[in-house]
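Trainee: make a model of this:
(chains A, B, C and D, ligands or ions: 4)
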Amino acid sequence: MTASVIEQPRSGAATFSYWWDKVGIFAVLILMCVVMAFLAPNFLSVDNAVNVARAVSINAILAAGMTMIILTGGIDLSVGSTLAVAGVAGVLLATSGAPGPIAILGGIAAGALAGLINGAFVAWLALPAFIVTLGSMTYLRGTAYSLLDGQPLVASDLAYRGIGNGAVAGIPTPVVVMVVVYVVFWFLLERTRFGRHVYAVGGNIEAARLAGINTKRVLLLVYTIAGAAAGLAGIIFSARVLSAQPTAGTNYELDAIAAVVLGGTALAGGRGRVLGTLVGALIIGVLSNGLVLMNVPFFYQLIIKGVVIVLAVTLDSLRQFGRKG
Amino acid sequence: MTASVIEQPRSGAATFSYWWDKVGIFAVLILMCVVMAFLAPNFLSVDNAVNVARAVSINAILAAGMTMIILTGGIDLSVGSTLAVAGVAGVLLATSGAPGPIAILGGIAAGALAGLINGAFVAWLALPAFIVTLGSMTYLRGTAYSLLDGQPLVASDLAYRGIGNGAVAGIPTPVVVMVVVYVVFWFLLERTRFGRHVYAVGGNIEAARLAGINTKRVLLLVYTIAGAAAGLAGIIFSARVLSAQPTAGTNYELDAIAAVVLGGTALAGGRGRVLGTLVGALIIGVLSNGLVLMNVPFFYQLIIKGVVIVLAVTLDSLRQFGRKG
Amino acid sequence: MSAIEPLLSVQGISKRFGATQALSNVSFDVRPGEVHALMGENGAGKSTLMKIISGNYTPDEGEIRIGGVPTVLSSPRDAMAAGVGIIHQELNTLPEMTVAENLAIGSEPVNGLGVLDRRRMVREAREKLDRVGATRIDPRRPIGTLSVGMQQMVEIARAVAEDVKVLVLDEPTAALSMSESERLFELINEMRDKGMGLIYISHRMEEVWELADRVTVFRDGKLVGTREMRDPDVKVTPNDIVRMMVGRDVEDLYGHREPHTGGVRLTVEGLTGPGGIGPVDFEVHGGEIVGVAGLIGAGRTEVARLIYGADRRTGGTVVLDDRPVSTRDPREAVAQGIGMLPESRKDQALFLDMSVRDNTAMSTLKQFSPGGVIQFAKMKQAVAGVFEKLRVKAASQMVDSRSLSGGNQQKLVLGRLMLEHPALMILDEPTRGVDIGAKSEIYRIINDIAASGTAVLVISSDLPEVLGISDRILVMRGGQLVGELDGPSATEEQVMEFATGVLADDTPRNM
Amino acid sequence: ACTNGDETKPNAGGSGGGGGKVTKVGLMLQDISNPFFAAMQTGMQEEAKAQGFEVNVQDGRQDLGTQNDQIDAFISQGVQLILLNAVDSEGIGSAVARAQAAGIVVVAVDVDATGADAAVTTDNVLAGKQACEALVAKIGGKGNILFIEGTPTTAPQDRVKGCEEVITANPDVKIVARQAGKNDRASGLALATDMLTANKDVQGIFAINDPEGLGADLAIQQASRTGITVVGVDGSPEAVKALEDPKSNFWATPAQDPAGMAKKAYEVGKGIVEGNKPAERITLLEPTLVTRDDVKDYKGW
Ligand SMILES: Nc1ncnc2c1ncn2[C@@H]1O[C@H](COP(=O)(O)OP(=O)(O)OP(=O)(O)O)[C@@H](O)[C@H]1O
Ligand SMILES: Nc1ncnc2c1ncn2[C@@H]1O[C@H](COP(=O)(O)OP(=O)(O)OP(=O)(O)O)[C@@H](O)[C@H]1O
Ligand SMILES: [Mg+2]
Ligand SMILES: [Mg+2]
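Mentor: Ligands and ions are numbered 1, 2, ... in the order given. Got it, this is the predicted structure:
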């Protein structure tokens, strides 16, 4: 055959692996829900579903930004600290009289600024994201403390309390915000030029540069957007607890990264989907919720969570073997 | 043969950058010591030097194992939890009547086992080390708690208390142990075939495999050795605090990684030196010590530490620019 | 068939990758003291079979016999132990390690105490390098700082130094220029004379003609046939082989060109770069194809990268269509109408985990995304257009570029450039690893592009190619332009004289 | 536009209408790895066994977000009573309101919580006061002391406040350095080691809890320093051991009764569910100082 453009029909095997590729981790989520439905009292109730969604929302929003960063081949250990700084900024603004929307924007801007600084080091100095954000995780935490002089700041009538505790048509506002964030991120990553550039930078940064992509700008934008997402998460957090907490978000980066990886995004960059991350975040959320409902002592919860994380990526990797072999 | 390959002689610049490559971060350490000598009361005293060395020893031992893992292109987030499990194992053995050396070996073995399990997932299933050790960090922490039923176990007359609190010829035992560990790691990495294989696996695992290296065995060994090092650190920790603490080592992985990266080892693997890591650990130790001596409030300590980490790698990267240009 | 027991034979091998049947039921062998050439279009399954023989892949079906004994090879180590060595198609070096360490990897010399003997390592490296004629590569230098061609020489040195009975060479000369290739051929002949079995894969017909005792052709994962090359009774012609490979004749490989050179489009004056490149001065006219020849390390790639802005210029001017181009970054070069196909597709051009569609459109996404939002239908149509022209073989536009064969990957990158419609197109080794059918298509396309008025600069280590397609040939040596020849009338000898700086009548090339 | 409606409005009748029965209790602790809270857990589990109700214990791991989610899970689970040991007394307020809106009685334990129906707490300010009074008395009313504080949560901060009151009242006692640890032995040891190096003239150390204090005690021993008195807070079993150990520099600890506190909170909560509100919203339990001199009379947790 003298080969021309052959759109070979998608074979059965390809369709299956294509399908499994998309739903693999989703199947794990469903499985987990089924197990919990049997084992955990009241797991299957509307109230509890709402609880899970609300509990997941903050991690899911962090993880959306984290997905974008990991897609570029980076990582952001500072999201938890950024969340704290943004919450502090939001509460400080609100308590000093700013109207709700301004305080919200202020918090998001604080997060974006923190992300921008990370991005500058990663993009311009080509420093490893891991160490840059390890540093910023530390100094941002210090900043959150020092802004509050080490004390939580309570604001019972926070101007933007609704974003943490309100509801829209019965759905908690944080959940609504989370859905909006995912729609935006999905659109950015899957439907825009910027999204293609994100994947390209993560896939092969040298090739991206030679293809004429402004890789520095892409990285800068990605870290800034992720910072803004962490800022938004910080605003929601502060609204939920009606206060600025300097310790807010401690260790949240690990849950966010776990959600991203469970969702099938490769840590090496260039490969993954933001909707997978949402599923990953839900897996973690369902697991935490179910274990509490089942009254499992907390140290067994840790053991189970750790084992489930490893098993879930194992399952996921077997799927990829299937694709290769 | 008609002219084929042209060799460029090693230029003076190459020699300089070679030299800077070796001492660069060491210069940062010296600088920091000079600054501290001026600012921190009693910084320049034998007592304090001993304190710094003793305080650094645990992180340095963890970081030695971490260096080996990072050289293979991996990472180990579970070292802190491994430290806790090993300390618990050691104290439980000792309090149940085992002689000191047996308890010490038991703790190290517990660490090695934890590392072996990490290694198995990384080597055989080719899972990303980040997520495997994120999982094991969680389940090992749970294990440490559950072995103690959640409570610290105090053992004031611990059989092996000397390894934490003793001294050999005036030098604290933990420092002696640390030095021995570094000599062993240096020898393994620089002077043995195994060491070359570690670098090869981190440099290009596919090339290493095609060259006939048993990459799976190398990975398995590396994680086991690093686990054993974390186990040793756990034994020292438990001897220092004369108790088994389920929360021991929380977040220590970050300090260990920071030491490795400050020491010039590339997170991507294949490039770095274990002695650099020792310098990196000392930088962190001197900084922490100096800030406490100066009685800096802890949230400013966080800010300073974070900024110093970022600046130090920036300095280091400028050195590498020098090497390229 | 003959009394000679093959050193290695495979029977009924099949291998499937997801939806792709890479090999179906093929049998193949290599005898002692022969060079068995393996040919076929890109994606025919040659490398896959070699990876099976060298223990890198395990076959789905079939049997491998080594010295007549059925053998299971489950890792490269097994294959080495069984005496099978391989030079892979893609470089497999450890860039951070020195040349000596790379050469020793897997068999590092140790002293009696098990401690590494670095001095011996360097000494042995020196010997291995000298053996393949790479006398001036410093074994203590990190291999990542060497050019692709030199790294390939190191790989060859490593493979031939091993104690092997069967050596596979998967396109070893793709990154080499003539003199290195010549030395390699001498080595191959020596090994054949020693009774080794060699499997040689190449898309360069003249090399196969020079070396092969037998030629086997694959197509679409199936065996088409084997021809004896040294049989005086049966005269095999290159066209016979080509027909077996592509199912048709490829006449006039380089195509017909009406030289329709227009005015000057590119002027390079006093261009200098780091590492002793330049000053370089030359012009390229619209519609002209200028070939750049030279040995490896001559600085051809470097000049291209300086023009494109991939590296920083240290001096000189570049003028395109009377506008000075200030390219500090490839982004600006693309915007100003310069397109470049980089030397190493895997490292510098491809996004292996992205779809072939995204790969192809990556430099021109703006065309398909007014306001930043991608119009997929438009993009699909444009990509389908270039795929049609280039005859890209891909399961669909949505498969990862990783799944394409090397030649098809090369076409994909060329397709990316075509979508850019550049005023100046720089092609660095455009047909490296491309099969003969695809080569002729690429030449046709280059001709078409030039015919549309584009200025084309082609860097190539494949001398017949440079001679075949260029209107004018520039020759580089040691970072300088040392000669200029008229394309249609130039000879290999003339080019080599400039390239080596030696009057060369002692290097005859038989075709 | 997305902030209409407010989930946290308590329902009209307030929570715990009365006449209910307690079958399921949720106990939320800020950090079970601290023996103090672990003792609370044990006490509560014993009580549950004795009285025949179900108790679900959750660890907040020092994270307010986690505690928020745990309250929501308790709501789904349908507990009647939540015994809440909050990471932050005010930050938990909105979650408390959600629980109450679902008809659950919330009793704060050890740390008061905004909006809780009742609270059973130790007077942490008093505990800090007692500790430092003992310290100041021991060092003879003058000298230099070190502060080893804790995480920025209510209880440690109240103790610091109490101690500061005593120091202010004793102008001859000076705080020469203060650092914040992580409420555990290791950070007490590490911080005290460096603080002692910087300050050669030190007579006393105040630590916000026993683990930090005992870590500081180890630091003194390792530095071979003498004449330094250490006080902690809690009256934990390890502190008792130290008080009995002649080598130790540990001098005093205001003891609390964590198990007793949890049981008391359960009683109060049960009362509210059954319709008997306590007279005072806050039940304050006073700590009792235990020193080296009277440790033999202390029965411990
Ligand atoms: N790892 C892989 N995953 C999926 N498909 C693969 C893989 N390796 C090879 N293939 C497919 O198998 C077929 C044979 O590829 P192979 O590399 O053997 O071709 P080749 O004959 O060596 O081609 P070339 O001349 O371009 O090197 C191609 O269709 C290729 O796309
Ligand atoms: N003597 C040398 N030793 C090692 N590396 C060299 C030497 N000379 C040049 N190089 C490097 O190798 C590359 C070779 O230069 P360049 O790629 O421009 O040459 P080329 O003519 O295109 O040859 P090639 O066919 O190898 O690409 C450059 O990046 C240069 O830094
Ligand atoms: Mg091939
Ligand atoms: Mg080149």
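Trainee: need the helices for the stretch 101-250 of chain D, in chain order.
Mentor: Secondary structure of the stretch 101-250 of chain D, counting by DSSP state H, counting those that start in this stretch: helices at D:124-138, D:154-169, D:185-198, D:210-222, D:237-244.
Trainee: in the last one, which residues are buried?
Mentor: Put plainly, it is helix D:237-244. Across helix D:237-244, burial judged by 16 or more other CB atoms under 10 Å in any protein chain shown covers D:238, D:239, D:240, D:241, D:242, D:243. Every C-beta, even on glycine, is put in place using the N, C-alpha and C of the backbone.
Trainee: filter those down to the ones close to ligand 2.
Mentor: Taking CB under 6 Å from any ligand atom as the test, ligand 2 is in contact with none of those.
Trainee: before we move on, back to that, most tightly surrounded among the helices of the stretch 101-250 of chain D?
Mentor: Highest mean neighbour count of the helices of the stretch 101-250 of chain D: helix D:210-222, a mean of 28 (counted as mean count of other CB atoms under 10 Å in any protein chain shown).
Trainee: where does the stretch 301-450 of chain C get nearest to chain D, residue-wise?
Mentor: residue C:373 (25.3 Å; CB to the nearest CB).
Trainee: quick check: phi and psi at that residue.
Mentor: Main-chain torsions, residue C:373, degrees, to the nearest 10: phi -100, psi 130.
Trainee: same question, residue C:25
Mentor: Main-chain torsions, residue C:25, degrees, to the nearest 10: phi 50, psi 50.
Trainee: surely it and residue C:60 touch.
Mentor: No. Checked against CB atoms under 8 Å, the pair residue C:25 and residue C:60 is beyond contact range at 10.5 Å.
Trainee: quick one: contacts of stretch C:218-234?
Mentor: The contact list for stretch C:218-234 (CB atoms under 8 Å, 6 or more residues apart in numbering or on different chains) reads A:1, C:15, C:21-28, C:38-41, C:43-46, C:48-49, C:209, C:212-217, C:236, C:240-241, C:244-245, C:247.
Trainee: narrow those to those in strands?
Mentor: Of those, the ones assigned to strands by DSSP state E are C:15, C:21-28, C:38-40, C:214-217.
Trainee: OK, contacts around the closest residue to ligand 4 within the stretch 151-300 of chain C?
Mentor: As assessed by CB to the ion, ligand 4 sits closest to residue C:300 within the stretch 151-300 of chain C, at 5.1 Å. Going by CB under 8 Å, 6+ apart, residue C:300 touches C:292, C:293, C:294, C:428, C:459, C:476.
Trainee: and residue D:21, how many neighbours?
Mentor: The criterion is other CB atoms under 10 Å in any protein chain shown. On that basis, residue D:21 has 9 neighbouring residues.
Trainee: next to ligand 2, which bits of chain D? Give me the list.
Mentor: Contact residues, chain D versus ligand 2 (CB under 6 Å from any ligand atom): none.
Trainee: list the contacts of the residue of chain D found nearest ligand 3.
Mentor: Residue nearest to ligand 3 within chain D: residue D:65 (53.6 Å; CB to the ion). The contact partners of residue D:65, taken as CB under 8 Å, 6+ apart, are A:58, A:237, A:240, A:241, A:248, A:249, A:252.
Trainee: surely the fifth one forms part of a helix?
Mentor: No. Secondary structure of residue A:248, determined by DSSP: H, G, I helix; E, B strand; the rest coil: coil, with no helix assignment.
Trainee: identify the residues contacting the nearest residue to it once chain neighbours are set aside.
Mentor: Distance criterion CB to CB, 6 or more residues apart in numbering or on different chains; nearest residue to residue A:248, sequence neighbours excluded, is residue A:84 at 4.3 Å. Applying CB under 8 Å, 6+ apart to residue A:84 gives the contacts A:140, A:141, A:144, A:234, A:245, A:246, A:247, A:248, A:249, A:250.
Trainee: got any residues that touch both of residue C:25 and residue C:60?
Mentor: Taking CB under 8 Å, 6+ apart as the criterion, residue C:25 and residue C:60 both touch residue C:14.
Trainee: tell me the pLDDT at the one residue in the stretch 101-250 of chain A that gets nearest to ligand 2?
Mentor: Proximity of the stretch 101-250 of chain A to ligand 2 (CB to the nearest ligand atom) peaks at residue A:206, 13.5 Å away. Note for residue A:206: predicted pLDDT of 95.
Trainee: that one touches residue C:348, doesn't it?
Mentor: Yes. Using CB under 8 Å, residue A:206 is in contact with residue C:348, at 5.7 Å.
Trainee: of the two, who's got more company?
Mentor: A count of neighbours by other CB under 10 Å puts residue C:348 above the other of residue A:206 and residue C:348, at 20 against 14.
Trainee: ranges for the helices of the stretch 1-150 of chain A?
Mentor: Using DSSP H, counting those that start in this stretch, the helices of the stretch 1-150 of chain A run over A:12-39, A:46-71, A:79-95, A:100-124, A:129-147.
Trainee: most tightly packed of those?
Mentor: The highest average neighbour count among the helices of the stretch 1-150 of chain A, using mean count of other CB under 10 Å, belongs to helix A:79-95 at a mean of 30.
Trainee: off-centre distance for that one?
Mentor: Mean-position distance between helix A:79-95 and its chain equals 18 Å (CA atoms, centre = their mean, to the nearest Å).
Trainee: could you give the angle of it to helix A:46-71?
Mentor: Angle between the axes of helix A:79-95 and helix A:46-71 is 120 degrees (criterion: axes from the mean of the first three to the mean of the last three CA atoms, to 10 degrees).
Trainee: shouldn't residue A:135 be in contact with residue B:309?
Mentor: Yes. At 3.8 Å, residue A:135 and residue B:309 qualify as touching, with contact defined as CB under 8 Å.
Trainee: quickly list what's touching both of the two.
Mentor: Taking CB under 8 Å, 6+ apart as the criterion, residue A:135 and residue B:309 do not both touch any residue.
Trainee: re the thing from before, separate out the buried members of the contacts of stretch C:218-234.
Mentor: Neighbour counting with 16+ other CB under 10 Å marks C:15, C:21-24, C:26, C:28, C:38-41, C:43-46, C:48-49, C:209, C:212-217, C:236, C:240-241, C:244-245 as buried within the contacts of stretch C:218-234.
Trainee: filter those by proximity to chain A?
Mentor: Contacts with chain A are made by residue C:41 out of these, judged by CB under 8 Å from any CB of the partner chain.
Trainee: can you tell me the closest non-neighbouring residue to the closest residue to chain A within the stretch 151-300 of chain D?
Mentor: Among the residues of the stretch 151-300 of chain D, residue D:152 lies closest to chain A, at 4.9 Å counting by CB to the nearest CB. Nearest non-adjacent residue to residue D:152, counting by CB to CB, 6+ apart: residue A:150, 4.9 Å away.
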